[in-house]
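In: Give me a 3D structure for the following:
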Amino acid sequence: MRITEPSSRHTLLDRRFLAALLSLTLVACGGTEVDRADTDTLSAQQAVSVPMRLMAANITSGNLQSYDPGEGIRIFQGTHPDVVMLQEFNYGDNSATAIRGFVNTAFGTSFSYYRAAGTTYQIPNGVISRWPILAAGDWTDTQVSNRAFTWARIDVPGPKDLWVVSVHLLTSSSSVRNTEATNLVNLIKANVPVGDFLAIGGDFNTDTRTEACLTTFSSVASESSPYPADRNGNDNTNATRAKPYDHVIVDGDLSAYKTATVIGASSFSGGLVADTRVYSPLSEISPALSTDSGATNMQHMGIIKDFLIPGDTTSASVTVSSPNGGESWAGGSSHSITWTSSGVTNVKVEYTLDGSTWTVITSSTAASTGSYAWTVPSSATTAAKVRVSDASNSAVTDTSNAAFTITTSGGGGSGGVFINEVMINEPGSDVNGEFVELVNSGSTAVDLSGWTISDGTAVRHTFASGTSLAAGKAIVVFGGASAIPVGLTNAVAASTGMLNLANAGDSVTVKSSAGTTVDSATFSSTLGGTDGVSANRSPDATSGASFVLHTSVSSLTSSPGKRANGTAF
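Out: Residues are numbered from 1 along each chain as shown. Below is the predicted model of the structure:
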């Protein structure tokens, strides 16, 4: 359904003025790199600056100019953009359900989106946003019929709106691209208020940074050195990394707030060219895989620029009280995360195991309760923290003052379920032979009803109601029932009919029925490159231990449902 433009800019300003007097609430925001760091509590009547990550992305792969294969999805999940100007916006059957599912998976359920309207657009542009899209639509590109200039007006925090335009210029010639730029500039001047922020992003197909269309665009939006670059300093963006095809250009108002792109411990002064083939350490953009940017028919790299824009004055506050540093909690045990708050209706609760990558425990729960029961993940770490944020304004947030420890001894009567063995590269070519083995190192049985196993793209198995994993035992999920060895009773077939693990590298995540991540692991091509040899913990059946080829811990190539040496659990 197309969103219509408000009738008056003055009406919008009046609305914002009144809302500010009533403590304006904003759309729920997930973690951005600035608020992923440990922060002090933000409290009454403080003006806050808001981090905003813009991304231009024509990162489809496969053979149908779509996001179905999943490489682009993992890049989105690993880089955490706030607003994306998307090209070739195709997924599944392109129904509203399919597109909403894509947005939910790649970005989150709170994100808004607009996809070019009509059925004539074979490769439509679109906009995806962490904040509400107030209005959106399509301006005709007179030079091409299978896409349009897709625009959106976004209610970002602060006194200004952000207008973005998603573009996909033609490859035919620089003169045609300049004609497209001239037409778009005229449309922008006729429709976008001068006082608002403006960004134009997408696949420009430009051969150089001095091409005429960029000069034409500079009357409304431009870019200057330092340009976004990859880990090696290369600022070109096509598949062979030889030409600057892709851009995020902004007007002077927004350019003044440009800041370095910070991901984990890495900082990119001009922004990031997201090429997973050269990014290091890759764990900073998990679950992205090193092979994602080299996938079949991925002809572009994603372009990211960060900004720190003026936000609204807030009278809200939230303060984490537990865990606040120094605690030692057993994996699989249940503890209450507690906080105090003021002027906040609902909070989002997250945790990190490494200080940089955050996982949502709940996207929204009543702030007034002051606590949330949490099943601690079974991943040993000394760097865990929790973060509690206003679900309607991520700028109001607090994080544990110091790290706490998660142990995986399974003591205290708690189950400790973890991934112990994974067959990524099945014997031969029968993908039914892929499997994931879980082990319970705890002292009590664990009810697995409703638990899920996912690869880097989607949920592949949901445990049936009544499934229980006894203390000290293992259970194996195979890609298909035909591959379950005769006599192996502690095994089931994937409920979706496949595990779909990629030999070139993939990730496996186990979540409880409440959606809490219990354990996850990322496997490189080294662990998936040997036909019929699984990846196994070393030492075997040890939560938190590294994964190695099974032949490194035993003379066997795999041992589904059994210890690495072939004996029973």
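In: Ramachandran angles for the residue positioned nearest the centre of the chain?
Out: The residue lying closest to the centre of the chain (CA atoms, centre = their mean) is residue 77, at 1.9 Å. Note on residue 77: backbone dihedrals following degrees, to the nearest 10 are phi -60, psi -30.
In: Could you find the closest non-adjacent residue to it?
Out: Closest residue to residue 77 apart from its sequence neighbours, by CB to CB, 6 or more residues apart in numbering: residue 287 at 5.7 Å. The C-beta positions use only the backbone N, C-alpha and C, and glycine is treated the same way.
In: Give the residue spans of this protein that score low on pLDDT.
Out: By pLDDT under 70, the low-scoring segments of the chain are 1-48, 313-314, 408-415.
In: residue boundaries of the helices in it?
Out: 9-21, 71-79, 96-106, 174-191, 212-217, 252-255, 525-528 (DSSP state H).
In: most packed of these?
Out: Among the helices of the chain, helix 71-79 has the highest mean neighbour count (mean count of other CB atoms under 10 Å), at a mean of 24.
In: Touching it from outside, list them.
Out: Contacts with helix 71-79, where a contact means CB atoms under 8 Å, 6 or more residues apart in numbering, come from 53, 55, 57, 59-61, 67, 84, 102, 105-107, 263, 272, 274, 276, 284-289, 291-293, 295, 298, 302, 304, 456-457.
In: Turn the helices of the chain into JSON lines, including distance to residue 90.
Out: Output for the helices of the chain, formatted as JSON lines (distance: least, CB to CB, whole Å):
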{"stretch": "helix 9-21", "distance to residue 90": "32"}
{"stretch": "helix 71-79", "distance to residue 90": "11"}
{"stretch": "helix 96-106", "distance to residue 90": "9"}
{"stretch": "helix 174-191", "distance to residue 90": "21"}
{"stretch": "helix 212-217", "distance to residue 90": "25"}
{"stretch": "helix 252-255", "distance to residue 90": "29"}
{"stretch": "helix 525-528", "distance to residue 90": "28"}
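In: Compare these and give me the one nearest residue 387.
Out: helix 71-79 (18.1 Å; CB to CB).
In: Off-centre distance for stretch 441-460?
Out: In terms of CA atoms, centre = their mean, to the nearest Å, the centre of stretch 441-460 is found 21 Å from the chain centre.
In: Need the distance between the two termini of it.
Out: End-to-end distance of stretch 441-460 (CA to CA, to the nearest Å): 24 Å.
In: Residue 323 touches residue 329, doesn't it?
Out: Yes - Residue 323 is within contact range of residue 329, at 7.0 Å (criterion: CB atoms under 8 Å).
In: Ok, which of the helices of the chain comes nearest residue 534?
Out: Closest among the helices of the chain, using CB to CB: helix 525-528, at 8.6 Å.
In: just so I know, which of the helices of the chain lies nearest residue 160?
Out: Among these, if distance is taken as CB to CB, the winner is helix 252-255, at 7.4 Å.
In: got the CA coordinates for that closest one in PDB?
Out: Extracted as PDB, the C-alpha positions of helix 252-255 are listed here (Å, rounded to 0.1, in the frame of the first residue of the first chain):
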ATOM      1  CA  GLY A 252      25.600  19.900   3.100                       C
ATOM      2  CA  ASP A 253      23.400  19.900   6.200                       C
ATOM      3  CA  LEU A 254      23.900  16.100   6.700                       C
ATOM      4  CA  SER A 255      27.500  16.100   5.600                       C
END
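In: Tell me which other helices or strands that helix touches.
Out: Identification of packing neighbours for helix 252-255 by 3 or more CB pairs under 8 Å, 6 or more residues apart in numbering; DSSP states H and E yields strand 197-203.
In: Just give me how far the strand it packs on sits from the chain centre.
Out: The answer for strand 197-203 is 21 Å, by CA atoms, centre = their mean.
In: State the paired neighbours of it in the sheet, together with their directions.
Out: strand 162-168 (parallel), strand 246-250 (antiparallel) (DSSP bridges).
In: Tell me which of these sits most buried.
Out: Taking mean count of other CB under 10 Å, strand 162-168 is the most buried of the strands paired with strand 197-203, at a mean of 27.
In: Put the alpha carbons of that strand into CSV.
Out: Coordinates of the C-alpha atoms in strand 162-168 are reproduced here as CSV (Å, rounded to 0.1, in the frame of the first residue of the first chain):
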residue,chain,number,x,y,z
LEU,A,162,15.6,12.7,6.3
TRP,A,163,14.8,12.3,2.6
VAL,A,164,16.5,9.4,0.8
VAL,A,165,16.4,8.4,-2.8
SER,A,166,17.3,4.9,-4.0
VAL,A,167,18.7,5.0,-7.5
HIS,A,168,20.0,2.5,-10.0
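In: Correct me if wrong: the residue nearest to residue 77 contacts residue 502.
Out: No - the pair residue 287 and residue 502 does not pass the contact test of CB under 8 Å, sitting 11.4 Å apart.
In: So which of those two has more stuff around it?
Out: residue 287 (24 against 21; other CB atoms under 10 Å).
In: That one: what's it in contact with?
Out: 74, 77-78, 456, 507, 522.
In: could the residues you listed go into a markdown table alongside distance to residue 189?
Out: Listed next are these as a markdown table, based on distance: CB to CB, whole Å:
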| residue | distance to residue 189 |
| --- | --- |
| 74 | 38 |
| 77 | 37 |
| 78 | 37 |
| 456 | 43 |
| 507 | 46 |
| 522 | 47 |
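In: re earlier: now the common contact residues for residue 323 and residue 329.
Out: 335, 404.
In: What are the buried residues along stretch 423-432?
Out: For stretch 423-432, a neighbour-count test (16 or more other CB atoms under 10 Å) marks 423-426, 431-432 as buried.
In: likewise stretch 492-501?
Out: Buried residues in stretch 492-501, counted by 16+ other CB under 10 Å: 493-494, 498-501.
In: gap between the closest residue to residue 424 other than its chain neighbours and residue 455?
Out: Nearest residue to residue 424, sequence neighbours excluded (CB to CB, 6+ apart): residue 528, at 3.6 Å. Using CB to CB, to the nearest Å, we find residue 528 at a distance of 12 Å from residue 455.
In: got it, and residue 558?
Out: Relative to residue 455, residue 558 is positioned 18 Å away (CB to CB).
In: Please say which of residue 323 and residue 329 ends up with more neighbours.
Out: A count of neighbours by other CB under 10 Å puts residue 323 above the other of residue 323 and residue 329, at 26 against 19.
In: Give me the nearest residue to that one, chain neighbours excluded.
Out: residue 404 (4.4 Å).
In: Let me see the contact set for the one you found.
Out: 323-329, 384-385.
In: Could I get those in JSON lines, plus columns for distance to residue 468?
Out: Converted to JSON lines, the contacts of residue 404 look like this (distance: CB to CB, whole Å):
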{"residue": "323", "distance to residue 468": "29"}
{"residue": "324", "distance to residue 468": "35"}
{"residue": "325", "distance to residue 468": "35"}
{"residue": "326", "distance to residue 468": "34"}
{"residue": "327", "distance to residue 468": "29"}
{"residue": "328", "distance to residue 468": "27"}
{"residue": "329", "distance to residue 468": "23"}
{"residue": "384", "distance to residue 468": "27"}
{"residue": "385", "distance to residue 468": "32"}
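In: Return the member of these nearest to residue 115.
Out: Looking across the contacts of residue 404 and measuring by CB to CB, the closest to residue 115 is residue 385, at 36.6 Å.
In: Without its sequence neighbours, what residue ends up closest to the closest one?
Out: residue 400 (4.0 Å).
In: Is the one you found in contact with residue 321, as I believe?
Out: No - between residue 400 and residue 321 there is no contact under CB under 8 Å: 9.6 Å.
In: So which of those two has more stuff around it?
Out: residue 400 (23 against 15).
In: Is it correct that residue 434 is in contact with residue 501?
Out: Yes - the pair residue 434 / residue 501 is scored as a contact, 5.0 Å apart, by CB under 8 Å.
In: what do those two both touch?
Out: Here residue 434 and residue 501 share the contacting residues 423-424, scored by CB under 8 Å, 6+ apart.
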